[in-house]
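[1] give me a model of this one.
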Amino acid sequence: MTRQRGTDARVPPDLRPEVGEFLTYLAKERNDSPHTVKAYGRDLEAFQTFCDEYYGGAERWRWTTVDRLALRSFMGELKRRGLAKRSIARAVSGLRTFYRFLGGRYGIEENPAKGVRLPKLDRRLPAVLDRAQVDLMFEYAESLAAEGGFRERRDHAVLELFYATGMRLSELAGLNVSDVDVVSEQVKVRGKGKKERIVPFGSYAARALRRYYGERDDLLAESRRGDRRAVFLSQRGRRLSPRGVQLVVQRFLRVLGQSAGFKVHTLRHSFATHLLDAGADLRAVQELLGHASLSTTQVYTHTSVERLKKVYQKAHPRA
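    All right, here's what the predicted structure looks like:
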């Protein structure tokens, strides 16, 4: 296997070049989030280090010589280190994906991770906001936007569009002005694997965007280096980073209380759950979320059922 030139994956120099090529593929071609790419990188680094020891030296093994027994031993090592089942499953799933990449790039047919059983995971239902919490958060955001300027109106628009569409954080940060049609109230979203989907949004988000665009235009008029393509800008006129979007949303979630434990992804979970609660079709929600598999979306049906059970137990006299 030869190193391909031009890869910009940031991996330690002692890792094999195929890892860097794979991480570049994830970031540039599959359009995975930086967080996902880093997680894959950490898992592959741990696996390479394990193989160096397992096979008695880096020069004594190749990706083609790794077998299922080595994979199972790796899983056992991770378990002995105290890693959670979910982390072990992620590592093995990452190796499956890596070997599929090697198959496409180098013609390697054997995927030793394919036949390895993943640890059985406990079902974890995502945390979601209830309607009262949604109302409280948006009332706060609207009050700030009504009295504030660029930052407050931008943050309100971020929150409205996030909840209105259920986009991923990276998808929201990557939006261009040409992607958003405020008149028809729909947005073109570039998801994983650079797949595009059209997602509608409502009048609340449209109104917040129009108000923010006025502030955005004023900022760009004063900035020579402003990013005119990006929807959401920093106060310096540059595209708001995913981390910047995260901080915006976290600030509003804190209004609900530090002990609530909500994260940025909670808005996406809430979007899906509230649609299903209102009778939306599961496949329609799958398309809106950009899920490749319906099984990924089905977790929200369980969330809806659990919420209904809680309502029933509180309200029914003989529950």
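[2] now do Gly20 against Gly41, distance only.
    Here Gly20 is placed at a distance of 9 Å from Gly41 (Cβ to Cβ, to the nearest Å). Where you see a C-beta, it was placed from the backbone N, CA and C, and this is true even at glycine.
[3] what do you get for Ser203?
    43 Å.
[4] neighbour count for those two, which is higher?
    With neighbours defined as other Cβ atoms under 10 Å, Ser203 and Gly41 compare such that Gly41 has more, 21 against 10.
[5] how close does the more buried one sit to Gly166?
    For Gly41 relative to Gly166 (Cβ to Cβ), the value is 28 Å.
[6] just for the stretch 151-300 of the chain, where's the confidence low?
    258-261 (pLDDT under 70).
[7] the strands in it, which residues?
    In order along the chain, the stretch 151-300 of the chain carries the following strands (DSSP state E, counting those that start in this stretch): 180-181, 186-190, 196-200.
[8] ranking these by burial, who's on top?
    Ranked by mean neighbour count, these are led by strand 186-190 with a mean of 19 (mean count of other Cβ atoms under 10 Å).
[9] can you give the distance from it to the centre of its chain?
    Mean-position distance between strand 186-190 and its chain equals 16 Å (Cα atoms, centre = their mean, to the nearest Å).
[10] packing partners for that strand?
    helix 150-165, strand 180-181, strand 196-200 (3 or more Cβ pairs under 8 Å, 6 or more residues apart in numbering; DSSP states H and E).
[11] what about Ala272, neighbour count?
    Residues within reach of Ala272, counting by other Cβ under 10 Å, total 25.
[12] next: the one 5 residues further on.
    For Asp277, the tally of surrounding residues (other Cβ under 10 Å) stands at 15.
[13] tell me the contacts of Asp179?
    Shown in contact with Asp179 (Cβ atoms under 8 Å, 6 or more residues apart in numbering): 187-190, 231.
[14] so what's the backbone phi/psi at the spatially most central residue of the chain?
    Nearest residue to the geometric centre of the chain (Cα atoms, centre = their mean): Arg168, 5.1 Å. Arg168 adopts backbone torsions of phi -70, psi 160, taken as degrees, to the nearest 10.
[15] skip the chain neighbours and tell me the closest residue to it.
    Spatially, and ignoring its direct neighbours in sequence, Arg168 is nearest to Arg268 (6.7 Å; Cβ to Cβ, 6 or more residues apart in numbering).
[16] ok, the one you found touching Gly166?
    Yes: using Cβ atoms under 8 Å, Arg268 is in contact with Gly166, at 4.9 Å.
[17] next, show the common contact partners of these two.
    What both Arg268 and Gly166 touch, as defined by Cβ under 8 Å, 6+ apart, is the set Leu289.
[18] ok, back up a step: dump the strands of the stretch 151-300 of the chain to TSV, plus distance to Cys51.
    Shown next, in TSV, are these (distance: least, Cβ to Cβ, whole Å):
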stretch	distance to Cys51
strand 180-181	47
strand 186-190	36
strand 196-200	39
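[19] of those strands, which is nearest Tyr212?
    Closest approach to Tyr212 among those is made by strand 180-181 (10.9 Å; Cβ to Cβ).
[20] okay, the nearest residue to Met167 once chain neighbours are set aside and Leu289: tell me how far apart.
    In this structure, Met167 finds its nearest non-sequential neighbour in Val189, 5.7 Å apart by Cβ to Cβ, 6+ apart. According to Cβ to Cβ, Val189 and Leu289 sit 10 Å apart.
[21] which ones are touching Gly237?
    Per Cβ under 8 Å, 6+ apart, neighbours of Gly237: 219-220, 223, 225-227.
[22] and Pro119, its phi and psi?
    Residue torsions, per degrees, to the nearest 10, at Pro119 are phi -60, psi 140.
[23] going forward, begin numbering at 544 instead of 1
    Noted, 544 is the first residue going forward, which turns the last one into Pro662.
[24] check the closest residue to it other than its chain neighbours and give its pLDDT.
    Excluding its sequence neighbours, the residue lying closest to Pro662 (Cβ to Cβ, 6+ apart) is Lys628, at 4.0 Å. Note on Lys628: pLDDT of 87.
[25] and Pro577, by the same measure?
    84.
[26] how much space between it and Arg639?
    For Pro577 relative to Arg639 (Cβ to Cβ), the value is 21 Å.
[27] comparing those two, which residue is more hemmed in?
    Arg639 (17 against 13).
[28] wait, is that one part of a helix?
    Yes: assigned with DSSP: H, G, I helix; E, B strand; the rest coil, Arg639 falls within a helix.
[29] need the contact list for it.
    Contacts of Arg639 by Cβ under 8 Å, 6+ apart are 654, 656-657.
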